[in-house]
Every structure is written in C-alpha cells, then in structure tokens.
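Asker: Build me a model:
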Amino acid sequence: MRRQQLPVSAMIKQHIKEYSSIYLFVFVLFLMGVIFGAIIVNSMNLSQKEDLYYYLNRFFGQVAEGKVASAADMFHQSFFHNLKYLGLMWILGISIIGLPVILVMLFIKGMVVGFTVGFLVNQLGLKGFLLSFVTVLPQNILLIPAFIIMCSVAISFSLKIIRQLFVKKSSTLEAPLTLFMRYASVFVFIGVIAVLASGFEAYASPFLMKNIVEFVSK
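Answerer: Numbering: from 1, shown residues only. Next up is the predicted model:
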C-alpha cells in the first residue's frame with residue numbers, strides 16, 4: 001500500500017523531531033569549534049599577534065581607500081567558496097564513510113569564526129567587536145544555520161542509507177530515489193541561503209566595514 005505523502009511543513013517537523021539529537025550534537029560541535037578558535041587567539045604569542053595585526057592594519061588601509069575587489073568579484077568568490085564547502089559536505093554524506101570528515105569540516109568552520117571574532121576583539125576591544133558585528137556576524141547569521149543543517153542532514157541521510165543496506169526490506173523504509181531527491185532538495189535550499197549570504201557579504205558588508213574602519217582609525 002502506498003504511503004500517504006505528508007505536507008512539507010509536517011515532513012520538516014517530523015525530521016527535526018526524529019533527528020533532534022543529531023542537530024544538538026552538531027550545534028555543540030560547532031560551538032566547541034568557536035570556543036577553540038577563541039582559545040587559539042589567547043594562546044598566541046606577542047610576535048604572532050603583531051604580525052597578524054600588521055596585515056589587518058594594511059587591510060583596513062585598503063578598505064578606507066576603497067582599494068577592494070568589486071562587489072561582483074567578491075560575490076562570486078564568496079558564493080563559490082561557500083558552495084564548494086557545503087557541496088563537499090553533501091557529497092561526503094552520500095559516501096557514508098565521509099561522516100567523520102563532515103564533522104571535522106564543521107568544527108573547522110566554527111574555529112575560523114571564533115578565531116576571527118576573538119582576534120578582532122582581543123586587538124581592538126569594543127571597536128573590534130563592532131567591526132566583527134558588521135563584517136562577520138551578518139552573513140554568518142545565514143551561513144551558520146546553513147552549515148549546521150547541511151551537516152545534520154548529511155549525517156541523517158547516511159544513517160538512512162546504512163539502514164537501507166543492512167536492514168531487511170520493510171514497509172517503513174523509503175525508496176532510495178525518494179531519499180536522494182529529498183537530500184538534493186535540501187542542498188538546493190542551502191544553496192539559496194548561500195546566495196543571500198554572499199550577496200550581503202559582497203554588497204552590504206564593504207559599505208558597513210568602511211564606516212567602521214574609519215571609526216576604528218580615529
């Protein structure tokens with residue numbers, strides 16, 4: 001007997017309820033990456049901090065003078081970077097054996113965010129917090145959930161495939177093609193989020209950054 005198709009909203013609620021432990025684990029793993037990135041900043045010696053701060057000041061100077069890449073170039077660079085990262089997660093979810101790599105990638109993403117914000121705040125105090133608020137936070141409000149969702153869905157997809165391979169045929173099992181189409185639709189949705197985040201990073205962040213850099217330089 002054919003199973004009744006649930007509405008999309010009901011499917012999403014059912015998925016989150018079924019895999020809530022995975023989402024919690026992934027979120028905690030990302031948070032640990034953020035904390036570890038901040039700890040790395042505090043463990044750096046004075047020479048390393050001075051070197052990074054020198055390059056940071058040079059970048060600030062280029063931003064203040066308007067010597068930055070065009071918005072279109074920044075958009076393409078940001079979008080394809082995020083898409084490749086998310087796409088690799090998606091492919092590793094299909095491979096099943098790539099699950100540990102997905103977790104490592106998410107941890108590294110969290111570590112980069114934590115290190116960036118931590119270094120700016122460590123070196124510039126309140127001004128660094130304001131700078132990270134307009135340059136790091138806005139696009140990551142979209143990207144962080146996108147990475148967490150992609151990682152969680154990739155893990156749940158792999159678990160379902162493992163179940164398909166090792167559990168005997170049952171009426172509760174979904175067809176592999178149906179599973180794959182849903183998995184692909186999630187990646188399309190995540191791709192749309194990446195477009196929005198890259199658009200903000202390319203077209204809005206430089207303007208906000210320039211104003212904050214001028215404030216920081218005072």
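Asker: can we go C-alpha only for contacts and neighbour counts from here?
Answerer: OK.
Asker: Tell me the helix or strand right after the lengthiest helix in the chain.
Answerer: For the chain, the helix that runs over the most residues, judged by DSSP state H, is helix 137-166. Tracing the chain C-terminally past helix 137-166 and defining elements by DSSP states H and E, one meets helix 176-203 next.
Asker: Name the residues of that next one that are buried.
Answerer: 183, 186-187, 190-191, 193-202 (16 or more other Cα atoms under 10 Å).
Asker: Packing partners of it?
Answerer: Secondary-structure packing of helix 176-203 (3 or more Cα pairs under 8 Å, 6 or more residues apart in numbering; DSSP states H and E): helix 71-95, helix 137-166.
Asker: Mean neighbour count and distance to Tyr53 added to those helices, as JSON lines?
Answerer: JSON lines is the format used below for the helices and strands packed on helix 176-203 (neighbours: other Cα atoms under 10 Å; distance: least, Cα to Cα, whole Å):
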{"stretch": "helix 71-95", "mean neighbour count": "17", "distance to Tyr53": "23"}
{"stretch": "helix 137-166", "mean neighbour count": "19", "distance to Tyr53": "20"}
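Asker: Give me the distance between the helix or strand containing Leu106 and the centre of its chain.
Answerer: Using DSSP H and E, Leu106 sits within helix 99-124. Its chain's C-alpha centre and that of helix 99-124 lie 10 Å apart, by Cα atoms, centre = their mean, to the nearest Å.
Asker: next one: stretch 74-91
Answerer: 10 Å.
Asker: Send me that stretch as CSV with only the CA atoms.
Answerer: Extracted in CSV, the C-alpha atoms of stretch 74-91 (Å, rounded to 0.1, in the frame of the first residue of the first chain):
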residue,chain,number,x,y,z
MET,A,74,33.5,39.4,-4.0
PHE,A,75,30.1,37.8,-4.6
HIS,A,76,31.4,35.2,-6.9
GLN,A,77,34.4,34.4,-4.7
SER,A,78,32.2,34.2,-1.5
PHE,A,79,29.4,32.2,-3.2
PHE,A,80,31.6,29.6,-4.8
HIS,A,81,33.8,29.2,-1.7
ASN,A,82,30.7,28.5,0.4
LEU,A,83,29.1,26.3,-2.2
LYS,A,84,32.2,24.2,-2.6
TYR,A,85,32.4,23.7,1.2
LEU,A,86,28.7,22.9,1.5
GLY,A,87,28.8,20.7,-1.6
LEU,A,88,31.7,18.7,-0.2
MET,A,89,29.7,18.1,2.9
TRP,A,90,26.7,17.0,0.7
ILE,A,91,28.9,14.5,-1.3
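Asker: Residues contacting it, please?
Answerer: Outside stretch 74-91, the residues that touch it by Cα atoms under 8 Å, 6 or more residues apart in numbering are 102, 105, 147, 150-151, 154, 187, 191, 194-195, 198-199, 201-203.
Asker: and of these, the nearest to Ala175?
Answerer: Nearest to Ala175 out of these is Ala154 (Cα to Cα; 17.2 Å).
Asker: In stretch 98-118, which residues are buried?
Answerer: 98-99, 102-103, 105-118.
Asker: nope, stretch 113-133 is what I meant
Answerer: Per 16+ other Cα under 10 Å, stretch 113-133 contains these buried residues: 113-123, 127-132.
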